[in-house]
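sequence first, predicted model second:
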Amino acid sequence: MSTIRQTRSFLQPKVLARLAAIPLFARRPMQGSVSGRHQSPHRGSSVEFAEYREYVAGDDPRRMDWRAYGRTDRFYVKEFEADTNLRCWLVLDTSGSMDFGSRGVAKLEYARRIAGSLGYLAVEQGDAVGLTCVAGGAMRHVPPRRNPAHLSAVFDVLEQTRAKGETPLPAALHELAETAAQRALVIILSDFFIEPDELRSCFEHLRFRKHDVAAFHLLDPLELSFEFRRPMRFLDMEGGAPVFAEPNAIAERYHAALGRYLEQVKQVVLESGVDYHRVNIEEDYERVLSRFLIQRSRKRGAR
Amino acid sequence: MSFLQPMLLAGLALAALPIIIHLINQRRYQTIRWGAMMFLLAANRMSRGFARIRQWLILLFRVLAVACLVFVIARPLASGWMGLAAAGRADTTIVLIDRSPSMRQQDSAAGQSKLAAGRRQLAEALGRLPSSRWVLIESASNKPRELESPRSLEHLPETEPSGASADLPAMLQAAHDYIVANQSGRTEIWFLSDLRANDWNAADARWEALRNAFAAFPQGLRFHLLAYPRAAADNVSVRLTGIRHRTTADGGELLVSLRLSRPEETPTPASVPIQFEIEGARSVVNAELAGTEYELREHRIPLGPREERGWGRVSIPADANLADNEFFFAFDPAETRRTAIVADDPAVGEALRLAASIPADPGEHSSAEVIGLDQASTIDWEKTALVLWQAPLPAGETAARLESFVDRGGQAIFFPPLQPGDAELFAASWRAWTTLDDSAAVDSWRHDQDLLANTQSGMSLPVGQFELRNICGLSGEFTPLASLRGGAPLVARAPTPRGGAYFCCTTPAPRDSNLASDGVVLYVAVQRALAAGAAAIGGARQMVAGQFDSAAAANGGGWQATRPASRRRMPASRASMPATTRWWP
């Protein structure tokens, strides 16, 4: 908590205090530089037994299990799980459509709260946090560091970012998959208003690079219900041509298109193993985060 | 196609309402910044095809719905092939039933009376035809009456036989008035009648007006006739044509004229015993009916010394139709035929007095009195049969009395005064005198009826031999009985519901015409008017039993049954009959 020296609009200390009780786990082994809470692909010296292995020349004789030798007259080396830290990449979609919010809170603000809270929780448990803000034509990268002072820089970027332009999210995710040197927990916060097939290639790319991908799909309640009483002129927040429509006349087809899209997204995340969370931004972000953390705690150990 | 309420078609402008609402709705849009454009664009792409057409179709159907509503409220009426195609349920079905006595004739095929068979057939036929309303107009009252169902035709007392003759034009007029008053839609009119000429009265002027009135109806009218025209060949009917009381040395006698008729001639003459019943005393005369008609003229029936007035009955034996086998009458001693002559020219007054005071029959008594205009108030209007008026047309109380006199059946003939004024009576008034150069100026006259009709032997009156010197003009509403060359009237009749008001445009004075010197026409015309006036004021009058009299009904009178229904009906009118005349035994 000592890292929050100034008040951030998207952080609520009481919420953070409650969420701190639940650790943030990765679903995959991570390759960290120091000891931490997460599984490592390598054997280490933690207290958690992993397996017996036959002794080979060069092994440290101190790790031999003499009791096993007594029972089997063979030399076995006892191995333990290694705990390490992780790199948490927060990918924030800052396209124009993220500025939409019918209940007073825009999707970008909601994403800030989730990103800021997860960043804080990660740093608190010794993990490194990086941030990528994807906006039309420009991306801001903050590389992952586990230094608490670094968190302040992440918060500054979060605070300064504005929703603008189109959504170059697929390109950004491909780039991240290529540039991230080591396995990371990639948390994407976006409304994913892109074709599901493009999402599929991004997620498969990240999975191929052995990243643990979590996605928060942020949707406004009005986008889901599409309830209007009058004819509307819809101005594209990402710069496209405006559309004049009679909502009552096209509501049925709108819901059909939305339902088909959500079904396709669900299929994509199932096939690519993405930890997918569809979030109605009317819901309290604390509940969303606690559900996210608890599910990950249950799945800990899955490789 | 036409409409009952064409003004409501202006409401078709309301059909534009859905379009206006649509346009207004389009104008009051809101603008919103929207993120999920991909779904919106997908929805719009989907709406380009059938969905967009559906939008326009919905708008079109809304417009059509409003238009159809207005169209229906305007009550369209289809005729021609459209009417046939759309023919279905009639809005109103009007049943006109002829209840006249002739409908009681037994129908040989049905084994029952024509009326009963017709009612049954009507009820069966109408029961199968859908209609929203059924209306009955029967010949006794000519009043529309709504029925619950056609089946009730068989049981209603209003469809039972009646003693009165039917007036088909009046019944159709009642049907016409009902259609106008209720704004009926498609109407069907059913007649049940035996097509008796007496009931239909084909020469009646009302038929033309009715034909035009029904043709003017925009809705489809259909007429159906359920007719029983075939009369029983052996049915003989008796009809009294005249009854006259004459005083003789022995006391008195009745001169009865009657006519027997039957529909078809038979090879052998039929012997019909005609029974007369005078105050209970019966006598029989055998008539040999060789052709279709037999006429008995002035058959003398002596009366007792005290039988000055009374009732009588003529009957023939029962045949196919019981209703035309007997005829009732009343008789009374003929009163003196009084004529009041108001003349401002003594020569004219004298000529008229001679024409009015000499009776055509020695058994009759006539009297005529010439008075001046200032003595007109002394006329005994109740006992006067004819008024001959050669003076300025009266005004005020005298005019009112004259109109009342004519209205109760009296006759009046007006001759032009020496100084025609501006006064108007019976919607006519005298104009200035003109002198004629051509003395034989009469061009045409009505020789088929009224004062100048031909004699009973068929000879025409010598109206064309008039020598007219001075003619007084006449203006107003009248029917010319004789006209001069050029169309000016010589003798005209004013339209009056009862009685007669005639205008003669010259006077019997020698300076004006030879009406007096060649006095046949004047005498005949005056005597005919006198006879008609006397018939209206006589102690006994022949009336059609059961016939509806609106004036009597308005005064609380009218025909009433004097016996229970189980006995023979003998209706009488207390309001119109003298108290001394008995009509029933």
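Arrived safely, thanks for sending. All of these numbers come straight from a predicted model, not from anything done at the bench.

going forward, measure contacts between C-alpha atoms and count neighbours the same way
Noted.

these two touch, right, B:D319 and B:D234?
Yes. If you go by C-alpha atoms under 8 Å, B:D319 and B:D234 touch, sitting 7.4 Å apart.

by mean pLDDT, point me to the weakest helix or strand of the chain.
I'll assume chain A. Lowest by mean pLDDT, DSSP states H and E among the helices and strands of chain A is strand A:38-54, with a mean of 69.

can you tell me the centre-most residue of chain B?
Computing the C-alpha centroid of chain B and ranking residues by C-alpha atoms, centre = their mean puts B:A170 first, at 6.4 Å.

which SS class is the most centrally placed residue in chain A?
For chain A, the residue nearest the mean C-alpha position is A:I187 (1.4 Å; C-alpha atoms, centre = their mean). Assigned by DSSP: H, G, I helix; E, B strand; the rest coil, the conformation of A:I187 is strand.

need the contact list for B:L41.
Residues in contact with B:L41, defined by C-alpha atoms under 8 Å, 6 or more residues apart in numbering or on different chains, are A:V243.

and the gap between the most far-flung residue of chain A relative to its centre and chain B?
Distance from the centre of chain A peaks at A:D73, with 49.1 Å (C-alpha atoms, centre = their mean). Distance from A:D73 to chain B, counting by C-alpha to the nearest C-alpha, to the nearest Å: 69 Å.

surely the residue nearest to the centre of chain B and B:N142 touch.
Yes. With contacts counted by C-alpha under 8 Å, B:A170 reaches B:N142, the gap being 6.9 Å.

need the contact list for A:V154.
Per C-alpha under 8 Å, 6+ apart, neighbours of A:V154: A:130-131, A:142.

tell me which strands and helices the helix or strand containing B:T247 is in contact with?
Using DSSP states H and E, B:T247 sits within strand B:237-248. With contacts taken as 3 or more C-alpha pairs under 8 Å, 6 or more residues apart in numbering or on different chains; DSSP states H and E, strand B:237-248 sits against strand B:251-261, strand B:310-315, strand B:326-331.

distance to chain A, mean neighbour count and mean pLDDT added to these, as JSON lines?
As requested, the helices and strands packed on strand B:237-248 are exported to JSON lines (distance: least, C-alpha to the nearest C-alpha, whole Å; neighbours: other C-alpha atoms under 10 Å in any protein chain shown; pLDDT from 0 to 100):
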{"stretch": "strand B:251-261", "distance to chain A": "86", "mean neighbour count": "18", "mean pLDDT": "86"}
{"stretch": "strand B:310-315", "distance to chain A": "90", "mean neighbour count": "20", "mean pLDDT": "88"}
{"stretch": "strand B:326-331", "distance to chain A": "86", "mean neighbour count": "20", "mean pLDDT": "84"}
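
now do the strands in the stretch 151-300 of chain A.
Taking DSSP state E, counting those that start in this stretch, the strands of the stretch 151-300 of chain A run over residues A:185-190, A:212-219, A:232-236, A:243-245, A:275-280.

convert the third one to PDB, retaining C-alpha atoms only.
Just to be clear, that refers to strand A:232-236. The C-alpha coordinates for strand A:232-236 follow below in PDB (Å, rounded to 0.1, in the frame of the first residue of the first chain):
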ATOM      1  CA  MET A 232     -31.800   7.600 -33.300                       C
ATOM      2  CA  ARG A 233     -28.800   8.900 -35.100                       C
ATOM      3  CA  PHE A 234     -25.800   6.900 -34.100                       C
ATOM      4  CA  LEU A 235     -22.500   8.600 -34.300                       C
ATOM      5  CA  ASP A 236     -19.600   6.200 -34.600                       C
END
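
partners of that strand in the sheet?
Take DSSP bridges as the rule and strand A:232-236 pairs in its sheet with strand A:243-245 (antiparallel), strand B:30-34 (parallel).

which residue does the stretch 101-250 of chain B bring closest to chain A?
In the stretch 101-250 of chain B, the residue that lies nearest chain A is B:G185 (42.5 Å; C-alpha to the nearest C-alpha).

of the strands of the stretch 151-300 of chain A, which approaches B:W34 most closely?
strand A:232-236 (5.5 Å; C-alpha to C-alpha).

state the mean pLDDT of that closest one.
Mean per-residue pLDDT for strand A:232-236: 87.

wait, which of the helices and strands packed on strand B:237-248 is closest to A:E124?
strand B:326-331 (132.4 Å).

which residues sit in contact with the residue nearest to the centre of chain A?
Neighbouring residues of A:I187 by C-alpha under 8 Å, 6+ apart: A:88-91, A:213-216.

and these as a markdown table, adding distance to B:L57?
Formatted as a markdown table, those follow (distance: C-alpha to C-alpha, whole Å):
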| residue | distance to B:L57 |
| --- | --- |
| A:C88 | 57 |
| A:W89 | 54 |
| A:L90 | 52 |
| A:V91 | 49 |
| A:V213 | 50 |
| A:A214 | 48 |
| A:A215 | 45 |
| A:F216 | 43 |
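
so which of those are also by chain B?
The subset of the contacts of A:I187 within reach of chain B, by C-alpha under 8 Å from any C-alpha of the partner chain, is empty.

now these in TSV, with neighbour count and pLDDT?
Below are the contacts of A:I187 laid out as TSV (neighbours: other C-alpha atoms under 10 Å in any protein chain shown; pLDDT from 0 to 100):
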residue	neighbour count	pLDDT
A:C88	27	88
A:W89	27	89
A:L90	26	92
A:V91	25	92
A:V213	24	91
A:A214	22	92
A:A215	21	93
A:F216	23	94
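
from these, which is closest to A:R298?
Nearest to A:R298, judged by C-alpha to C-alpha, of the contacts of A:I187 is A:A214 at 15.2 Å.

look up the closest residue to residue 286, ignoring the ones flanking it.
Let's take chain A. In space, and not counting its chain neighbours, A:E286 is closest to A:V15: 6.6 Å by C-alpha to C-alpha, 6 or more residues apart in numbering or on different chains.

switch to chain B, please.
For B:N286, ignoring the flanking residues on the chain, the nearest one in space by C-alpha to C-alpha, 6+ apart is B:P273 at 4.3 Å.

wasn't the one you found part of a strand?
Yes. The assignment for B:P273 is a strand, going by three-state DSSP.

where does the chain dip in pLDDT?
Chain wasn't specified; assuming chain A. A:1-6, A:28-29, A:31-48, A:81-85, A:136-138, A:299-303 (pLDDT under 70).

switch to chain B, that's the one I care about
B:1-2, B:4, B:47-49, B:51, B:77-88, B:107-110, B:438-440, B:538-585.

please enumerate the helices of it.
Secondary structure of chain B, counting by DSSP state H: helices at B:17-27, B:37-46, B:52-73, B:80-86, B:114-128, B:168-182, B:197-200, B:206-215, B:346-357, B:396-407, B:520-537, B:550-554.

may I see the buried residues of stretch B:470-489?
Neighbour counts over stretch B:470-489 (16 or more other C-alpha atoms under 10 Å in any protein chain shown) mark B:470-474, B:478, B:480-484, B:488-489 as buried.

next: stretch B:353-364.
Of the residues in stretch B:353-364, those buried (16+ other C-alpha under 10 Å) are B:353, B:355-360, B:364.

alongside chain B, which residues does the stretch 51-200 of chain A contribute?
Counting by C-alpha under 8 Å from any C-alpha, the stretch 51-200 of chain A comes close to chain B at A:96-100, A:193.
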